[in-house]
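Colleague: dropping the sequence and predicted coords here.
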Amino acid sequence: MTNESTQPKIVGKLLELLKKLWLQLVALYHPDNLKKQGTKRSVILITLTILFPFILIGWWWSTEPNLFDVQAIAQRQATQHNEQIVTGYITTYTLITIANTLLDKSGGYLSNDIIPPSIFMDDMPNWEFGVLQQVREFTKVLRNDISRSKTQSLEDPDLAKAEPKFNADNQSWFWSSETQYQEGIEFLTRYLRRLADPQNNTAQFLTRTDNLRDWLEVVVKRLGGLSQQLSASVGQLRMNTDLAGDINQATSSSAELQVKTPWSEIDDVFYQARGTCWALIHLLQAIEIDFKNVLEKRNAIVMLQQIIRELEMTQKAVWSPMILNNSGFGLFANHSLVLSSYISRANIGIIELYNLL
């Protein structure tokens with residue numbers, strides 16, 4: 001009885017407090033008060049008032065999506081559509097979920113926005129680009145290798161339509177990038193429906209060793225490039241190894257190169273690498289399930305799990321308000337070098353896995 005009587009009093013006090021705050025705000029922005037404050041103070045007050053909600057929205061939209069359980073979401077999807085989880089189902093639906101995350105995360109897809117606050121944001125658009133690169137590259141391998149039994153076999157019609165959609169300009173506003181990517185997701189979903197239909201044998205997902213190697217080869221190059229860019233945040237004088245092993249090189253090049261990522265691009269590379277690793281974690285987890293037989297034959301499951309663990313370390317929260325870029329052994333941290341170390345270790349593991357297969 002006491003609780004029931006105190007609840008209306010608490011609500012009444014809260015309403016009274018909100019009313020007082022509202023009256024104070026109205027008085028603060030009243031023309032008479034603005035005149036008393038003077039032109040300079042009034043302009044500052046109004047500017048801060050406009051910027052404050054933009055800063056809050058920008059902070060919220062810059063929040064990176066959490067990792068998800070690839071097997072759990074695939075099981076939930078199969079249950080909803082009364083489908084069986086066949087080989088390739090988890091990997092394909094993981095790819096679809098990654099692509100959907102680009103469009104459905106907080107703030108939606110930001111890379112092609114032309115209005116505040118997203119037009120002033122670059123961290124999340126670079127994260128999106130890292131994720132998008134993995135969607136593009138895996139869709140290409142799925143179309144050209146995993147879904148085809150032979151080099152001269154017909155390609156899957158839905159995958160043939162999906163891949164070009166994901167290769168649309170990621171910053172296009174007039175020809176909306178989101179529309180193109182959504183159509184690509186729909187084509188992937190059609191492929192998934194046919195793959196899960198026991199009465200339909202037109203879709204294939206072939207878990208051969210060479211198919212897995214084809215994708216891993218692409219991943220190795222991607223992670224290697226990102227690791228180099230991240231390491232170059234402090235600037236290095238490197239030996240030029242770009243044409244190493246090519247005895248028939250057509251152009252001459254200097255033996256040494258001064259490599260340094262421009263200061264304005266350090267956080268861009270950092271968040272692009274974070275997005276790449278976020279997508280790779282899920283794809284590798286799905287591969288572990290669908291390519292289980294191939295991996296078990298080479299006793300490579302533990303190796304793959306360690307690669308995933310290294311990549312998961314790249315997703316730790318960044319507590320600093322900005323990406324620090326101190327020298328390698330300086331007083332303060334260098335976030336790019338820390339991220340590069342995890343990516344390099346994961347990349348070495350992928351190279352070893354590639355050679356083992």
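Modeller: Yes, it's here. Residues are numbered from 1 along each chain as shown.
Colleague: ok, Q229 - how many residues close by?
Modeller: Using other CB atoms under 10 Å, Q229 is surrounded by 20 other residues. C-beta coordinates here come from the backbone N, C-alpha and C atoms, glycine included.
Colleague: counting neighbours, which bits of the helix or strand containing it end up buried?
Modeller: For Q229, the element it lies in under DSSP states H and E is helix 209-231. Within helix 209-231, the residues that count as buried by 16 or more other CB atoms under 10 Å are 211-216, 219-220, 222-224, 226-231.
Colleague: how about that helix as PDB, C-alpha atoms only?
Modeller: What follows is helix 209-231 as a C-alpha-only set of coordinates in PDB (Å, rounded to 0.1, in the frame of the first residue of the first chain):
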ATOM      1  CA  THR A 209      40.300 -27.500 -50.500                       C
ATOM      2  CA  ASP A 210      41.100 -25.400 -53.500                       C
ATOM      3  CA  ASN A 211      38.000 -23.300 -53.100                       C
ATOM      4  CA  LEU A 212      39.100 -22.400 -49.500                       C
ATOM      5  CA  ARG A 213      42.600 -21.700 -50.600                       C
ATOM      6  CA  ASP A 214      41.400 -19.300 -53.300                       C
ATOM      7  CA  TRP A 215      39.700 -17.200 -50.700                       C
ATOM      8  CA  LEU A 216      42.500 -17.400 -48.200                       C
ATOM      9  CA  GLU A 217      44.900 -16.100 -50.800                       C
ATOM     10  CA  VAL A 218      42.800 -13.000 -51.200                       C
ATOM     11  CA  VAL A 219      42.600 -12.500 -47.400                       C
ATOM     12  CA  VAL A 220      46.400 -12.800 -47.100                       C
ATOM     13  CA  LYS A 221      46.900 -10.000 -49.600                       C
ATOM     14  CA  ARG A 222      44.200  -7.800 -47.900                       C
ATOM     15  CA  LEU A 223      45.600  -8.200 -44.400                       C
ATOM     16  CA  GLY A 224      49.200  -7.800 -45.600                       C
ATOM     17  CA  GLY A 225      48.400  -4.500 -47.200                       C
ATOM     18  CA  LEU A 226      46.500  -3.200 -44.100                       C
ATOM     19  CA  SER A 227      49.400  -4.300 -41.800                       C
ATOM     20  CA  GLN A 228      51.900  -2.300 -44.000                       C
ATOM     21  CA  GLN A 229      49.700   0.800 -43.900                       C
ATOM     22  CA  LEU A 230      49.200   0.600 -40.200                       C
ATOM     23  CA  SER A 231      52.900   0.100 -39.600                       C
END
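Colleague: got the contact list for stretch 68-80?
Modeller: Contacting residues not belonging to stretch 68-80 are listed as 83-85, 89-90, 93-94, 97, 196, 282, 285-286, 289 [CB atoms under 8 Å, 6 or more residues apart in numbering].
Colleague: and that stretch, average pLDDT?
Modeller: The average pLDDT within stretch 68-80 is 95.
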